[in-house]
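Q: What follows is a predicted structure for the sequence shown.
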Amino acid sequence: MDRISLKPALLARRVSYEIAPTYVAQYAKDGTENWRTDFGDLTSLNFVLHTIGGNRMRRLDLVTNEGRKSIALNLGIRVGRDDPDRVAIRQVHSAVADAVYAARPDIQVALGEQGAARIAMFVVGVMTLLFGIGMCIAMFVTNVSMDRAVGVAVPIGLMVVLGGFFAHKYAPWREAVTLSIQAFAVMMAADAASPPVPSA
C-alpha cells in the first residue's frame with residue numbers, strides 16, 4: 001500500500017501516512033508505526049486552519065473516545081502552495097476524508113478548534129481583551145499625556161480588537177460549525193486537485 005510522506009514542521013522528523021479502507025496510520029522515517037486510528041472508533045473529525053504570526057497551520061484531528069490523533073502541517077506563510085509538504089498534506093487530508101466517508105458516512109466534521117484547545121484560545125482572547133481595556137483605564141486614571149496616549153493607541157486598540165475577536169470566536173458556549181463528511185470530502189478533493197497559485 002502506498003504511503004504519503006511529509007515533514008510536519010521545520011524542526012520535525014519526516015513521517016508518512018498509510019490510508020486504508022478501515023484505518024489511517026502514521027509511520028516514522030524508519031518505518032516504525034507511531035499510531036493507528038480505526039475509522040470504526042471515530043466519534044468525529046476536527047479540521048483546523050490557523051495563520052498566527054509568520055506561520056500557517058493546517059490540521060485534521062481524528063477524535064475517538066480514547067483521545068485524538070492529528071495529521072498536521074505547520075509552515076511559514078511564505079512557503080508556496082506548490083511546496084511538496086503542502087501538496088502532501090492536502091493529499092493525505094483528501095484521502096482520509098474519502099476513506100472515512102466510505103467507512104463512516106455518519107461522521108460530522110467540526111471546523112475550528114474544539115475541546116481544551118478551544119477553551120485555551122478563549123482564555124487567551126479574554127485575557128488579551130481585559131489587558132487592553134485595563135491599559136486604557138490606567139492611561140485615563142493616571143492622566144497620561146496626549147503624546148504618549150497617541151503613541152500607544154494603535155497597539156492597545158489592536159489588543160482589544162484581537163482579544164474580542166478570539167473571545168467571541170472561541171467562546172465555549174458557541175456551537176461548532178460542522179460539515180457532513182460527504183461535504184468535507186468534496187471540499188478536500190477540490191483543494192487537493194486545485195493547481196498552485198502562481199507567485200507574483
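A: Sure thing, it's come through.

Q: contacts and neighbour counts: CA atoms only from here.
A: Will do.

Q: Pull out the buried residues from stretch 74-91.
A: Asn74, Leu75, Gly80, Arg81, Asp85, Arg86, Val87, Ala88, Ile89, Arg90, Gln91 (16 or more other C-alpha atoms under 10 Å).

Q: Low-confidence regions, this structure specifically.
A: 1, 113-122, 149-151, 165-173, 176, 194-200 (pLDDT under 70).

Q: Contacts only, for the spatially most central residue of the chain.
A: By C-alpha atoms, centre = their mean, the chain has its centre lying nearest to Val48, at 2.8 Å. Going by C-alpha atoms under 8 Å, 6 or more residues apart in numbering, Val48 touches Met57, Arg58, Arg59, Leu60, Leu111, Gly112, Glu113.

Q: State whether it is indeed within a strand.
A: Yes. Under DSSP: H, G, I helix; E, B strand; the rest coil, Val48 falls within a strand.

Q: Spatially, and excluding backbone neighbours, which residue is closest to it.
A: Distances taken as C-alpha to C-alpha, 6 or more residues apart in numbering place Gly112 nearest to Val48, at 4.7 Å, with adjacent residues excluded.

Q: Surely the one you found touches Leu49?
A: Yes. Gly112 lies in contact with Leu49 (C-alpha atoms under 8 Å); the separation is 7.0 Å.

Q: who has more neighbours, those two?
A: Using other C-alpha atoms under 10 Å as the criterion, Gly112 and Leu49 rank with Gly112 on top: 19 against 16.
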